[in-house]
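The sequence isn't on hand, but the structure is:
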């Protein structure tokens, strides 16, 4: 959202008068007295440290993108006898979340799943194994 909206922790949702509040309360656009446009850039920085087995890697991502953009157009009716004194039309885009993050995990694993099965197979005689119908004990 806009810096103003974020600074007030979203309180403009109830108050109106901020373009980011349109997502929460569209009727808040009626608070605007003049047409208004705004856009906000986001800078996101992610730093990752990954440790897997004996490997360690770090990487960082910095991304600048559009966090909010919008406009509200206020149309005042100069006719004092009209039922509608003012009409507002607003459009707004807010980036809700960012999932742009990546990391690489690399290392050498000294254990394997074959050890798990090997430990259970040790000491079992071949005569105790029951093969499937079309299978031999050797297979």
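Cool, got the structure. Note that the coordinates shown come from a computational prediction; the quantities given were computed from them, not determined experimentally.

what's next to stretch 125-139, contact-wise?
By C-beta atoms under 8 Å, 6 or more residues apart in numbering, no residue outside stretch 125-139 reaches it. Backbone N, C-alpha and C define where each C-beta goes, glycine included.

what is the mean pLDDT for that stretch?
Averaging pLDDT along stretch 125-139 gives 75.

Please renumber the chain so that the first residue is 741 from this point on.
Done: numbering now begins at 741, and the last item shifts to stretch 865-879.

Which positions within that stretch qualify as buried?
Within stretch 865-879, not a single residue qualifies as buried, counting by 16 or more other C-beta atoms under 10 Å.

all strands for this structure, in order.
Taking DSSP state E, the strands of the chain run over residues 776-792, 795-816, 826-834.

tell me the pLDDT at residue 752?
pLDDT, read off for residue 752, is 66.

Please apply the same query to residue 790.
90.

so what's it bridging to?
Taking DSSP bridges as the rule, residue 790 bridges to residue 797.

Please tell me how far it sits from residue 853.
To residue 853, residue 790 is 22 Å away according to C-beta to C-beta, to the nearest Å.

before we move on, what about residue 869?
Distance from residue 869 to residue 853, by C-beta to C-beta: 20 Å.
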